[in-house]
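Student: Task: produce atomic coordinates for the following.
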Amino acid sequence: MSPHRIDDRAPVFVISVAAELSGMHPQTLRQYDRIGLVSPCRTAGRGRRYSARDIAQLREVQRLSQEEGINLAGIKRILALQDEVSALNEQVETVKAALQEMVARPGSRVFSADRSGRVTPLRRGERPQRSDGGALVLWRPERRR
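Tutor: Just a heads-up that it's a prediction; the model follows:
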């Protein structure tokens, strides 16, 4: 992987380039921005700047609309759910990494995970703090040698 990899969320494309890359008219992109379907970043002068991720979303909007016959309200909901799934997947990966780190440490056999995904080691018999209304307590038994 190149050390100069471009972030797919970096707002680099002006509206004319985004329109060309997505195969849409610039006015369509403006309309989608107004209704909150695909909202690009703004420059200090209020110009729109689209990212590679925005371009991919615009192409997906076009596909869902033309090939699947889904209306814009439905497409907006689909995109929101896809974003939510992506965020949840990132959170799961973070929790998995924290769990792997904790399991590798000797003596950290009991831990809790709160609703935000924060994992905290506990001593045996210790109860987790329930500041957010609940926590899941997990225990990994000692390995027999």
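Student: use CA for all of it now, contacts and neighbours both
Tutor: Fine.
Student: measure Asp33 to Ala97 for me?
Tutor: 36 Å (Cα to Cα, to the nearest Å).
Student: My error: substitute Ile35 in the last question.
Tutor: Spatial separation of Ile35 from Ala97 under the definition Cα to Cα is 38 Å.
Student: Please apply the same query to Arg34.
Tutor: Noted for Arg34: a distance of 39 Å to Ala97, by Cα to Cα.
Student: So which elements touch the longest helix along the chain?
Tutor: Looking across the chain with DSSP state H, the single longest helix is helix 72-104. If you count contacts as 3 or more Cα pairs under 8 Å, 6 or more residues apart in numbering; DSSP states H and E, helix 72-104 packs onto helix 52-66, strand 119-122.
Student: tell me the mean pLDDT over the shortest one?
Tutor: Read that as strand 119-122. The average pLDDT within strand 119-122 is 72.
Student: just the longest one next, same as before
Tutor: Averaged across helix 52-66, pLDDT comes to 96.
Student: residue contacts, the residue sitting nearest the centre point of the chain?
Tutor: Taking Cα atoms, centre = their mean, the centroid of the chain lies closest to Ala87, which sits 3.0 Å from it. Applying Cα atoms under 8 Å, 6 or more residues apart in numbering to Ala87 gives no contacts.
Student: ok, now the one 4 residues further on?
Tutor: Shown here is Gln91, whose contacts under the criterion Cα under 8 Å, 6+ apart are Gly117.
Student: what does Val61 give?
Tutor: So Val61 contacts Ile75 (Cα under 8 Å, 6+ apart).
Student: Okay then, goodbye and thanks.
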